[in-house]
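In: my questions concern the predicted model and sequence given below.
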Amino acid sequence: MTTDEKRVGTRAARIRAWLARQQDSRIGRFSFLLFRRYLEASKNSGAATTAYFMLSILPTALVAIAVFGKSGGDVNALATRINTRMRLNGDTADIVSQTFGTTSNNALAASIVVIFGFWFWGMGIGQLYRDLYARAWRVETAQPNDQLLFIVWYFVTCGLLGVMFAATTSGFGSSHRALFIPLWLCLSGAFWLWTPRFLLHKKVETRRLLPGAVVAAIVLGGMIGTTPLWMGTTLNQNAQAFGPFGVVLALLGLVLTVITTSMACAVFAPVWEEFRAEER
């Protein structure tokens with residue numbers, strides 16, 4: 001055995017020993033439970049949810065924002081604020097401007113796209129999240145009127161995303177930060193508390209869902225709030241290297257990261273409850 005092979009073997013043994021020590025700690029045991037429950041509950045549905053989101057909810061939110069912007073008389077104001085806040089330039093800024101300008105100028109065609117997106121993919125997002133929560137809490141939820149629940153959840157989600165997107169890209173979020181941050185935490189926490197309660201037909205008590213809602217509001221809020229610090233650079237670099245295709249890949253990666261994080265937060269509450277029971 002060569003010297004390099006011995007070093008690799010020693011390093012691997014140290015890593016295994018470190019992982020074994022971490023698994024015996026409280027944080028390690030909780031992390032292991034959370035990761036295992038996430039794999040059991042999600043069943044790799046993050047990719048499917050991301051695809052459905054990009055094909056249905058995102059176009060709906062864009063059309064809503066474009067219609068409101070057009071009614072205000074300036075269809076390019078929102079795109080300008082996005083480019084300024086995210087520090088976008090070159091091809092990336094052009095793609096953002098063309099997207100919002102095209103959506104605003106072709107509201108009818110965009111609305112037709114939204115209808116098709118909702119019909120084929122929109123309702124599936126609610127079902128994916130319902131199944132995720134059901135597996136995480138290990139409850140049975142399938143009922144004849146679940147399609148109506150998915151429709152309601154879809155439009156509530158679109159409305160909340162539209163408000164959040166418009167607020168964060170406008171001057172309100174930065175000029176009224178002391179008011180915007182607690183307002184966002186309250187709205188986001190209420191949404192993630194309402195979502196499992198609504199989709200699971202109130203089979204899980206509100207107090208048991210509260211830890212997951214608080215964690216989701218804080219973690220997702222922090223992730224979205226710090227997006228300009230790291231996502232703008234990534235978008236610009238991808239645009240320079242790969243053009244519009246690179247921008248699309250970067251956006252897909254961002255959406256996948258946010259949705260996967262939301263699913264991990266969704267299984268936090270049952271894991272926390274189980275972990276506390278084991279500790280007692």
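Out: Yep, that arrived.
In: so what's the closest residue to residue 140 other than its chain neighbours up against?
Out: Spatial nearest neighbour of residue 140, chain neighbours left out: residue 134 (7.0 Å); criterion: C-beta to C-beta, 6 or more residues apart in numbering. For glycine as for every other residue, the C-beta is placed from the backbone atoms N, C-alpha and C. With contacts defined as C-beta atoms under 8 Å, 6 or more residues apart in numbering, the neighbours of residue 134 are 140, 141, 200.
In: PyMOL command to pick out the buried ones of those?
Out: Buried subset of the contacts of residue 134, written as a PyMOL selection, criterion 16 or more other C-beta atoms under 10 Å:
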select buried, resi 141+200
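In: element containing the residue nearest to residue 140?
Out: helix 123-137 (DSSP states H and E).
In: ok, residue 52 next?
Out: With DSSP H and E as criterion, residue 52 is part of helix 46-52.
In: residue 222: neighbouring residues, count only.
Out: 10 (other C-beta atoms under 10 Å).
In: ok, residue 121 next?
Out: 19.
In: tell me the pLDDT at it?
Out: Here the pLDDT value assigned to residue 121 is 78.
In: thought it was touching residue 52?
Out: Yes. If you go by C-beta atoms under 8 Å, residue 121 and residue 52 touch, sitting 4.3 Å apart.
In: before we move on, the earlier item: starting at the chain centroid, how far to the helix holding residue 52?
Out: Here the centre of helix 46-52 is set off from its chain's centre by 10 Å, with C-alpha atoms, centre = their mean, to the nearest Å.
In: the stretch 1-150 of the chain: helices as residue ranges?
Out: With helices called from DSSP state H, counting those that start in this stretch, the stretch 1-150 of the chain shows them at 3-24, 26-42, 46-52, 58-71, 77-86, 90-105, 107-117, 123-137, 146-169.
In: which strands or helices does the shortest one pack on?
Out: Meaning helix 46-52. Helix 46-52 is packed against helix 123-137, helix 244-266, with contacts defined by 3 or more C-beta pairs under 8 Å, 6 or more residues apart in numbering; DSSP states H and E.
In: buried ones in it, by neighbour count?
Out: Buried residues in helix 46-52, counted by 16+ other C-beta under 10 Å: 46, 48, 49, 50, 51, 52.
In: C-alpha coordinates for it, CSV please?
Out: Taking Å, rounded to 0.1, in the frame of the first residue of the first chain, the C-alpha atoms of helix 46-52 are listed here in CSV:
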residue,chain,number,x,y,z
GLY,A,46,-38.9,18.0,-4.6
ALA,A,47,-38.0,17.8,-8.3
ALA,A,48,-41.6,17.2,-9.3
THR,A,49,-42.8,20.0,-7.1
THR,A,50,-40.2,22.3,-8.7
ALA,A,51,-41.3,21.4,-12.2
TYR,A,52,-45.0,22.0,-11.3
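In: who's in contact with that helix?
Out: Counting by C-beta under 8 Å, 6+ apart, 121, 122, 124, 125, 128, 129, 252, 255, 256, 259, 260, 263 sit against helix 46-52.
In: would JSON lines of these with distance to residue 85 be doable?
Out: Shown next, in JSON lines, are these (distance: C-beta to C-beta, whole Å):
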{"residue": "121", "distance to residue 85": "29"}
{"residue": "122", "distance to residue 85": "28"}
{"residue": "124", "distance to residue 85": "31"}
{"residue": "125", "distance to residue 85": "27"}
{"residue": "128", "distance to residue 85": "30"}
{"residue": "129", "distance to residue 85": "29"}
{"residue": "252", "distance to residue 85": "20"}
{"residue": "255", "distance to residue 85": "18"}
{"residue": "256", "distance to residue 85": "22"}
{"residue": "259", "distance to residue 85": "22"}
{"residue": "260", "distance to residue 85": "24"}
{"residue": "263", "distance to residue 85": "27"}
